[in-house]
Every structure is written in C-alpha cells, then in structure tokens.
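>>> fold the stuff below for me.
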Amino acid sequence: MNFNSKNPFLSNKRFSSNAVSKAEEVHQAQIIDYNQEMSVSGTINKTAILFLILCGAAMVTWWMAFNGINIMLPAIGGAVVGLILVVISAFKPHLSPYLAPGYALFEGLFIGGISAIFEAMYPGIVINAVGATLVTFLVCLGLYKFRIVKVTEQFKSVVVAATLAIATYYLISWLVSMFTSFTPVHHGNSMMSIGISVFVIIIAALNLFLDFDQIEKGVQQRMPKFMEWYGAMGLMVTLVWLYIEFLRLLSKLSSKD
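Next up is the predicted model:
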C-alpha cells in the first residue's frame, strides 16, 4: 500500500512576499483545504463504516445458511468480487470511496458464509475467532501507539517478504491440489499444519503494524481525503485475513479433540 502521491495540492510550496510583483506578476498558488486532508479520526470513522457494512452483509449469508438456503454462490461470488475490488483500489486509490464499501459488502457475504460453515462443524468457533481477532488487533494497536514496536524499513521488508511468500505458497498449493491428488501440508490437523497456521497468524498480525504506520504516514504527509477510505480498506483486508486464519487454526485444534 503506497501513500506516495503526485497530487498538486500536496506539494511543498509556500507563499512569499515577492509572489506578486509591481507588474502584477502572478505565480501559481497552492491552496490546501484542511477539511479535505486525510486524518486519523476520519480513517477510524471510515473503518467503522466498513466494519458495519461487512457485518451486515455477513448476517445475510449467515441467516441463509441456517435457514437451509444454499450460500455457495453469494459466498464464493463475494470473495471473488471483493478480491477484484481490492486489486482495482491498489491501482486506483482515488476510487476508494466507492470501492471500499463495495469490498466490505461482498467480503461480508463471503465471511458470513464461511463462518456459518465452520460454526456448523464446530459450534462456538466463530465467537472464539472473533474474540481472538479483536484481542490481537487491540494488542497490536497498543504496541504501536506506545512505540513498543517500531515500524522500520527492515521490519517492513521482512513482513512484506513473508506475506508474499505465504500468498505464493497458498496459490501454488491450491493450483497443484486442483489437478493432482496432492494434499498441502497446511491441511489437516497435524502439528506441522497447526504450526503453519500459527506462523501465518503472526505474519497477519504484523501486517497490522504496517497498516497503522501507513495510515499515520498518510496523515503526516497530508494525503487527500479519499486516502481515509484507502487506509480503512487496507486495515479491513488484514483483519479479514486474520479472522479467517484464526478460524482455520481453531478448527484444526477442535478436530484433534
């Protein structure tokens, strides 16, 4: 997620007493409306809005699942559309005010569906996964706020590299398992599989620090207002990933009982 911007309103230019000469020479002036700048409070509000939209959509597929309605189409469709919206937003951040709510809506359909499936298999797992995700978020936020964990360039490089490695592994495992009888090592409830889930959760949690840092840097750099939606969307993507990984881990632990 890159907050670098070429927006002309963000350039570092100042007014000077020589800006207008006696010949009424006029230089270009950069006017900044502080109400149109990214803020921490604005990003928090946008995140809350996205969270409510996601929960509302999740309740729909959750209700459908427990009332005997097939949820595969809205769940899978929601995941696909949500991914597409994230990719578009990565290349078109200025569209985030429209793409972010759409992402929350469609991803909510997916989250509600997959949560209902896990809940049917392991009663009580959803509330535990939600609680674990919330606690992890609050702990990471506290560690970042009090600068116990500092986001350095080396920290970013390690987390990004690990995240890309996980994504590559998941993609290759999925493709291979589709066309062969190969069972990925992270499937099942073996100690190796559980260990992988724990590792992935740690990396997902570390991504929260990157999200916090990028939001803070965006505010400091006085990014335009639409970046609040962009930052909130990035945070929601990480939280959704973290929640799903907690579901997977808890389901593995439950299946061993």
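>>> in the chain, which helix or strand is least confident?
Of the helices and strands making up the chain, the lowest-confidence element is helix 153-179, at a mean of 94, by mean pLDDT, DSSP states H and E.
>>> following element in sequence after it, please.
Of the helices and strands lying after helix 153-179 in sequence (DSSP states H and E), the nearest is helix 191-220.
>>> just the angle for that next one relative to helix 153-179, thanks.
In terms of direction (axes from the mean of the first three to the mean of the last three C-alpha atoms, to 10 degrees), helix 191-220 departs from helix 153-179 by 130 degrees.
>>> how far is helix 191-220 from where the chain is centred?
The chain centroid and the centroid of helix 191-220 are separated by 10 Å under C-alpha atoms, centre = their mean, to the nearest Å.
>>> give me the mean pLDDT for that helix.
In this model, helix 191-220 carries a mean pLDDT of 97.
>>> tell me what that helix is packed against?
The criterion is 3 or more C-beta pairs under 8 Å, 6 or more residues apart in numbering; DSSP states H and E, and the helices and strands that helix 191-220 contacts are helix 40-65, helix 125-145, helix 153-179, helix 227-255. Just so you know, the C-beta spots here come from the backbone N, C-alpha and C atoms, and that holds for glycine as well.
>>> deepest in the core, which of those is it.
Counting by mean count of other C-beta atoms under 10 Å, helix 227-255 has the highest mean neighbour count of those, with a mean of 22.
>>> quick one: distance of it to the chain centre.
For helix 227-255, the separation from the chain centroid amounts to 7 Å (computed by C-alpha atoms, centre = their mean).
>>> which sections of the stretch 1-150 of the chain are below the confidence cut-off?
The stretch 1-150 of the chain contains residues with pLDDT under 70 at 1-34.
>>> OK, contacts around the closest residue to Y243 other than its chain neighbours?
Once flanking residues are discounted, Y243 sits nearest to T133: 4.5 Å by C-beta to C-beta, 6 or more residues apart in numbering. With contacts taken as C-beta atoms under 8 Å, 6 or more residues apart in numbering, T133 has the following neighbours: 239, 242-243, 246.
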